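*Asks:* fold the stuff below for me.
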Amino acid sequence: NRESIVRAIERAIERGVKVRIVHDADSFGSDYVKEYGPSFARLVSAGERYGNPVKLTAVNASGIMHNKFIIINGEIVWTGTMNLTDNCIGRNYNTFYRIPSEELAEVLTAEFEQLLSGLTRGAKQDVTSDKIIDVNGVGIRVVISPYDRPMDVLVEQIRQSDQVIHFAIFAFSDENVARAIIQSQAEDKVGLVDGMMDGQSWYVDEMLQSGGVEVQPERWDGKMHLKLMILDNRTTIVGSTNWSANAQNTNDEVMFVVQSEDFAMANELYFKLLYERITGKKLSLGELQNLAAMGAGIIPIGMISAKE
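*Replies:* Numbers count the residues shown, from 1 in each chain. The predicted structure follows:
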């Protein structure tokens, strides 16, 4: 429902750009229709007005079509944790990445085509085949729910860590992932969690704290909507996937395992800035200098605070 994004898509339709959208079925359901329905209706109307029909598919009435990815011209992928809403852009804490890669676009387009045809969860075919995509020397592994079992992949990556585990997460109920963090040989284990989720009976915050993991809940107006883990300053795990049984078995999700020290550093600096804001513990001069050196193109300030 972000007005600037709706307008931009309307203008693309007017230019003749082919627009196809898959959204969660509840977006047109009784709970959501007032807030999100008008945006979809405007795009369909624009397609009719300009003789360029918009293909719109609602899926996953039982689970959640929880993906957040955009494919442009089969060349560029935008993806991360951010919904295209006023709340996610103006209030919540998210990451969203622009990845120029025809190969990544091809894989996600294959997944998109299945969703567009109405196939979800177990009815889909595996389009990743555990492929590692090379993007300018950076290895990206695409992990799609449910067939790639993202929680198992997350545990596998955590077990390889022996120095640092930093994470920021919205919903976290998977005890296998929590146990892997606790049992890891890494000495520096810190998590930032959503204040509304912290303390829920199903949340693993107490389990983590009892296992020696530092857990810091945010208390802001918006949500800690991230699904981010940085391991040993070289591996970054990002995407739409919360760490739960639903994300693994019920929802349609995409998670990425990125092997890059530069990418990990960019996310690590963002993590540290959020840690400073939550705890009041100030970053060192060196950390601030590194943050400045990264530049707004890698860590857009809009992801950190709407006001700034």
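
*Asks:* the stretch 151-300 of the chain: helices as residue ranges?
*Replies:* With DSSP state H, counting those that start in this stretch applied, the stretch 151-300 of the chain shows helices at 175-183, 205-210, 245-249, 261-279, 285-294, listed in chain order.

*Asks:* wait, which of these is closest to residue 130?
*Replies:* Nearest to residue 130, of all the helices of the stretch 151-300 of the chain, is helix 245-249, at 16.2 Å by Cβ to Cβ. Yep, even glycine has a C-beta here, placed from its N, CA and C like the rest.

*Asks:* so which elements touch the closest one?
*Replies:* Judged by 3 or more Cβ pairs under 8 Å, 6 or more residues apart in numbering; DSSP states H and E, the packing partners of helix 245-249 are helix 150-159.

*Asks:* helices and strands around the helix it packs on, which ones?
*Replies:* Judged by 3+ Cβ pairs under 8 Å, 6+ apart, helix 150-159 is in contact with strand 138-144, helix 175-183, strand 227-231, strand 235-239, helix 245-249, strand 254-259.

*Asks:* and that helix, what's its mean pLDDT?
*Replies:* The pLDDT scores in helix 150-159 average 97.

*Asks:* and the angle for that helix with strand 138-144?
*Replies:* 140 degrees (axes from the mean of the first three to the mean of the last three Cα atoms, to 10 degrees).

*Asks:* buried sites along helix 150-159?
*Replies:* For helix 150-159, the neighbour count (16 or more other Cβ atoms under 10 Å) marks 150-151, 153-155, 157-158 as buried.

*Asks:* which of the helices of the stretch 151-300 of the chain comes out lowest on mean pLDDT?
*Replies:* In terms of average pLDDT, helix 285-294 trails the rest of these, at a mean of 67.

*Asks:* burial count for the closest residue in space to residue 162 that isn't next to it in sequence?
*Replies:* Residue nearest to residue 162 in three dimensions, not counting chain neighbours: residue 185, with 4.5 Å by Cβ to Cβ, 6 or more residues apart in numbering. As a burial measure, residue 185 scores 10 neighbours (other Cβ atoms under 10 Å).

*Asks:* touching, residue 185 and residue 160? I think so.
*Replies:* No. With contact defined as Cβ atoms under 8 Å, residue 185 and residue 160 do not form a contacting pair (9.9 Å).

*Asks:* just give me how far stretch 209-220 sits from the chain centre.
*Replies:* 21 Å (Cα atoms, centre = their mean, to the nearest Å).

*Asks:* span of that stretch from start to end?
*Replies:* 21 Å (Cα to Cα, to the nearest Å).

*Asks:* for stretch 232-249, same thing?
*Replies:* Chord length of stretch 232-249, first to last residue, is 28 Å (Cα to Cα).

*Asks:* give the buried residues for it.
*Replies:* Buried positions in stretch 232-249, judged by neighbour count with 16+ other Cβ under 10 Å: 232, 234-244, 246-248.

*Asks:* check those against residue 218 and report the nearest one.
*Replies:* Among these, and counting by Cβ to Cβ, the member closest to residue 218 is residue 242, at 15.6 Å.

*Asks:* wasn't residue 87 part of a strand?
*Replies:* No. According to DSSP: H, G, I helix; E, B strand; the rest coil, residue 87 belongs to no strand; its state is helix.

*Asks:* look up the pLDDT of it for me, please.
*Replies:* Per-residue confidence at residue 87 stands at 89 (pLDDT).

*Asks:* which non-adjacent residue is nearest residue 100?
*Replies:* Among residues not flanking residue 100 along the chain, residue 76 sits closest, at 5.3 Å (Cβ to Cβ, 6+ apart).

*Asks:* same question for residue 50.
*Replies:* Of all residues not flanking residue 50 in the chain, residue 14 sits nearest, at 5.1 Å (Cβ to Cβ, 6+ apart).

*Asks:* who's in contact with that neighbour?
*Replies:* Contact analysis of residue 14 by Cβ atoms under 8 Å, 6 or more residues apart in numbering lists 46, 50, 52.

*Asks:* ok, back up a step: mind putting the helices of the stretch 151-300 of the chain into TSV with distance to residue 41?
*Replies:* Converted to TSV, the helices of the stretch 151-300 of the chain look like this (distance: least, Cβ to Cβ, whole Å):
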stretch	distance to residue 41
helix 175-183	39
helix 205-210	40
helix 245-249	29
helix 261-279	35
helix 285-294	40
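
*Asks:* for residue 110, which of these is the nearest?
*Replies:* helix 245-249 (20.5 Å).

*Asks:* roughly how far out does that closest one sit from the chain middle?
*Replies:* In terms of Cα atoms, centre = their mean, the centre of helix 245-249 is found 15 Å from the chain centre.

*Asks:* which one of the helices of the stretch 151-300 of the chain lies nearest to residue 107?
*Replies:* For residue 107, the closest of the helices of the stretch 151-300 of the chain is helix 261-279, at 18.4 Å, according to Cβ to Cβ.

*Asks:* thanks again, I'm all set now.
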